[in-house]
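J.: Need coordinates for the following:
(one chain, ligands or ions: 1)
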Amino acid sequence: MVQTSFLGDMVLTTPLLARLAREGPVHVVATPANAPLLEGHPAVATVLVYDKRGADRGWGGLWRTARALRALGASRALLAQGSLRSAALTRLAGIPERVGFDRSAGRPLYTRRIGYRADLHHAQRLWQLGDPLGADVPPPAVRPTLHPGVAHAAAADALLAALSPGAAPVALAPGSAWGTKRWPGFAALASAMATADGWRHVPLVVIGGGADAPLAAAITAARPPGSAPVLDATGRLPLLATAALLARCTALVTNDSLPLHLASAMETPTVALFGPTVPALGFGPLAPASRVVEHPNLPCRPCHAHGPATCPLRHFRCMGELSVPQVLGALHAVTRGAP
Ligand code: SF4
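T.: Below you'll find the model as predicted:
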C-alpha cells in the first residue's frame, strides 16, 4: 500500500488496511508526517517511511526506497496515492501487480485500474482498491480506526488533568492549512457557549497544530470572566494523543480538516463546518453522531477540491454566513442535548 498523501487520507485508508490484513501482511509506504497515525495499528505489519520531499528526494531516494520495498517481498501494490512517482516506486520495487484509480497520473504503470467513484465517500473509494478482481462491488459502510497507545492516552489525560475531574470538554478545531476552510466564528461560538443553556459549565479544549495557537488565544480571549476554562492543546500533542483526547471529549466542532477524520475514528460526536468544499467530495464525517453545517444554496460551492487561500469572489459567504446558533443547534443534536 502506498499512501503518501495528506494526514486525513491516511486515516481514511484504515478501512482498506483492515480489509487487506484479513488476506495477509500489509506493508504501508508512508510519509514522515502521516506514518505516526499507523503506530500500533493491528492491520499493519510494516510502515516504510518515504521522505519524498526531504531525505529521499530525487532519484537516489526513490531507488533507495524501492530497494527497501522490494525486500518486503510484496506481490501486490495498491496505489492510494496516485502520482507517477508512487507508481514508479512500486514498479522499481519489482511488485508484479499494481492497482490504482483509473484517473490517477500513475495509471500508465498500473497493471489494473479501478474506476474512481466520485459518488462515494473517499474511505469507500479506497476500500474498493482491495477488490481482488476489480469488480464493481458495492462498498459497505466503513469507518476509520486508529489505535492510540498507553503513552498517547497518558499524554491526553495529563493535559486534561487541568480540568475538574469528570468534566468532559467540547473540542474545537479552528484551524486548516487552507485559509477559506477556516470558519471565522469559533471565538463567537466559545463566547456564546459560556452563557448558553447546557453549555455554560462545559470546558473547551482547542486542538490543532502549533500554527493554530493564535486561533486558540482568540477563543480564550472571547470567554467572559468566570466562564468554564479553555485548554489550549494546539501544538502540544502528537497525532495519536490528539485522537486519544478526542475520545475523551463530549463532541468536536471542526472545519473540514484532519480532526474531523480523527473524530470519525474515535467515534466522537462531530459537528463539521464546510465552506468552499462539500461533503459530497467524499470527506464528510463518519462518526456515528455527526452533523454537517454548510451554506444551503450558494452556487459557487464547491469552488476548490481543498479550499483556496482566499475567496476568489471576495465575499466569503460560504463560511461567513454560517451562524453561531446553527452550530450550537448541531452541537445539541449530536450530543442529544445532554453534554
Ligand atoms: S467562491 Fe464561494 S465557495 Fe469559494 S471561498 Fe468564496 S464563497 Fe466560498
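
J.: Leu172 belongs to a helix, doesn't it?
T.: No. With DSSP: H, G, I helix; E, B strand; the rest coil as the criterion, Leu172 is strand rather than part of a helix.

J.: what's around Glu321, how many residues?
T.: Using other Cβ atoms under 10 Å, Glu321 has 14 neighbouring residues. In this view, the C-beta of every residue, glycine as well, is placed from N, C-alpha and C.

J.: Just give the nearest non-adjacent residue to the residue of the stretch 151-300 of the chain found nearest the ligand, would you?
T.: Sorted by distance to the ligand under Cβ to the nearest ligand atom, the residues of the stretch 151-300 of the chain start with Cys300, at 3.2 Å. Computed as Cβ to Cβ, 6 or more residues apart in numbering, the closest residue to Cys300 that is not its neighbour in sequence is Leu313, at 5.9 Å.

J.: where does the stretch 51-200 of the chain dip in pLDDT?
T.: Within the stretch 51-200 of the chain, the ranges that satisfy pLDDT under 70 run 133-136.

J.: Show me which residues of it sit near the ligand.
T.: Thr180 (Cβ under 6 Å from any ligand atom).

J.: Would you map the strands across the stretch 51-200 of the chain?
T.: Read by DSSP state E, counting those that start in this stretch, the stretch 51-200 of the chain holds these strands, from start to end of the chain: 76-79, 97-101, 112-114, 170-173.

J.: Can you add mean neighbour count and give the ones you listed back as a markdown table?
T.: Below are those laid out as a markdown table (neighbours: other Cβ atoms under 10 Å):
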| stretch | mean neighbour count |
| --- | --- |
| strand 76-79 | 24 |
| strand 97-101 | 21 |
| strand 112-114 | 19 |
| strand 170-173 | 27 |
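
J.: Minimum distance to Trp63: which of the ones you listed has it?
T.: Comparison of the strands of the stretch 51-200 of the chain against Trp63 by Cβ to Cβ identifies strand 76-79 as nearest, at 16.4 Å.

J.: could you say what helices and strands that closest one packs with?
T.: With contacts defined as 3 or more Cβ pairs under 8 Å, 6 or more residues apart in numbering; DSSP states H and E, the secondary structure elements packing on strand 76-79 are helix 84-92, strand 97-101.

J.: Pull up the gap between Thr4 and Glu39, please.
T.: Using Cβ to Cβ, to the nearest Å, one obtains 17 Å as the distance from Thr4 to Glu39.

J.: what about the two, which has more around it?
T.: Just comparing Thr4 and Glu39: by other Cβ under 10 Å the higher neighbour count belongs to Thr4, 26 against 17.

J.: show me the contacts for the more buried one.
T.: Taking Cβ atoms under 8 Å, 6 or more residues apart in numbering as the criterion, Thr4 is in contact with Val29, Ala30, Thr31, Asn34, Tyr50, Lys52, Gln81, Ser86.

J.: residues near the fourth one, how many?
T.: To tie it back to what came earlier, the one meant is Asn34. Counted with other Cβ under 10 Å, the burial measure for Asn34 works out to 23 neighbours.

J.: Dump the contacts of Thr4 into TSV; add distance to Glu267 as well.
T.: Shown next, in TSV, are the contacts of Thr4 (distance: Cβ to Cβ, whole Å):
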residue	distance to Glu267
Val29	28
Ala30	24
Thr31	26
Asn34	21
Tyr50	31
Lys52	33
Gln81	27
Ser86	31
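
J.: quick one: which two of the residues you listed are the most distant?
T.: For those, and using Cβ to Cβ, no pair is farther apart than Asn34 and Ser86, which are 13.4 Å apart.

J.: ranges for the helices of the stretch 201-339 of the chain?
T.: With DSSP state H, counting those that start in this stretch, the ranges of helices along the stretch 201-339 of the chain come out as 213-222, 239-247, 258-266, 317-320, 324-334.

J.: between the ones you listed, which one is nearest to Ala289?
T.: Distance to Ala289, taken as Cβ to Cβ, is lowest for helix 324-334 among the helices of the stretch 201-339 of the chain, at 4.4 Å.

J.: same for that closest one, what does it pack against?
T.: With contacts defined as 3+ Cβ pairs under 8 Å, 6+ apart, helix 324-334 has these neighbours: helix 186-193, strand 251-255, strand 270-274, strand 290-294.

J.: Lovely, talk soon.
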